[in-house]
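[1] Provided below are the primary sequence and the corresponding predicted coordinates.
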Amino acid sequence: MDSSTPQFLPTLSAGKHRTPAQGACFMEYASFLAGERWSDRPTCTDPILAELARCVNDSVSDQARQWLLEDVTRVIGLRGDEILSLHVALRTAVTALPHVAPERKRSLAIGIRGMLLALAVRGETSGVAVERAVRALAAEPEAAAESAIYHDKVGNRPMHLIEVGGTQAIRHAVEGLLRAADGRGDADERLAALLRAGIDEAEASLDAATAPVRAALDAARLPAPRPAKRDLIGV
């Protein structure tokens, strides 16, 4: 750890913090535990997953934010290629889709269809993530139809949903859940579940990506390397 690393555990709180004494958002806490430079955009975590964590961190109540502490270590080392980013954004949109208002359903359905196209261009046309997304669109026929019309109008091209589009999908999902829960009081639970779904998806995507390497090591009877996130947190 460098000289900017705090010598105490900061308090998890909303927003960005210049120093640990002011508190820490979810991703600043992750940078601290990973031994990185103090930042809400540490290199140890996929940028789309980090965006989800920041949005949820800033949207839940102060009390509920403390529930998220147990998940901070899970995001350390969860970084892969653009497929992982797409999976995280797709899972987030699919998870939120049934619970948001109609206008948000349309935006999320457009994002889901675009991400499916983007995955198809990268050679992924089947699997759990794709099947889950297809089922989600089928369950929302009106939004799905509007998303198809939209993509036809823009030439049915795969949307750029790695950085800009993925971020937009995350924000639509989080804001949609917040507004839908207004007056019901279940926003905290839904948002915490949304973040955990994104983390689950990143873990599954990373496991799938490293499976061929593990299989080759097993065939050669060589020990598999320890996962990066476990090395970082010393487990």
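    Noted; the coordinates are in hand.

[2] quick one: low-confidence ranges for this structure?
    Judged by pLDDT under 70, the chain has its weakly predicted residues at 1-8, 155-164, 183, 211-218, 221-235.

[3] for it, which helix is longest?
    helix 187-219 (DSSP state H).

[4] what's that one packed up against?
    Counting contacts by 3 or more Cβ pairs under 8 Å, 6 or more residues apart in numbering; DSSP states H and E, helix 187-219 is packed against helix 47-59, helix 62-65, helix 82-96, helix 128-138, helix 164-180. Using the backbone N, CA and C atoms, a C-beta is placed for each residue, glycine as well.

[5] which residues are in contact with the residue nearest to the spatial centre of the chain?
    Nearest to the mean C-alpha position of the chain, by Cα atoms, centre = their mean, lies Leu49 at 3.2 Å. Residues in contact with Leu49 (Cβ atoms under 8 Å, 6 or more residues apart in numbering) are 75, 78, 85, 88, 198-199, 202.

[6] hmm, 6 Å instead?
    88, 198, 202 (Cβ atoms under 6 Å, 6 or more residues apart in numbering).

[7] again, but for Ala30
    42, 72, 75-76.

[8] tell me how far it lies from Met115.
    Distance, Ala30 to Met115, using Cβ to Cβ, to the nearest Å: 25 Å.

[9] re earlier: okay if I get the contacts of Leu49 as JSON lines plus neighbour count?
    Formatted as JSON lines, the contacts of Leu49 follow (neighbours: other Cβ atoms under 10 Å):
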{"residue": "Val88", "neighbour count": "30"}
{"residue": "Gly198", "neighbour count": "29"}
{"residue": "Ala202", "neighbour count": "26"}
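
[10] could those residues go into TSV alongside distance to Thr95?
    Output for these, formatted as TSV (distance: Cβ to Cβ, whole Å):
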residue	distance to Thr95
Val88	11
Gly198	8
Ala202	13
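
[11] top of the contacts of Ala30 by neighbour count?
    Neighbour counts for these (other Cβ atoms under 10 Å) peak at Val75, which has 28 neighbours.

[12] from Gly176, how far out is that one?
    22 Å.

[13] can you check Leu117 too?
    According to Cβ to Cβ, Leu117 stands 22 Å off from Gly176.
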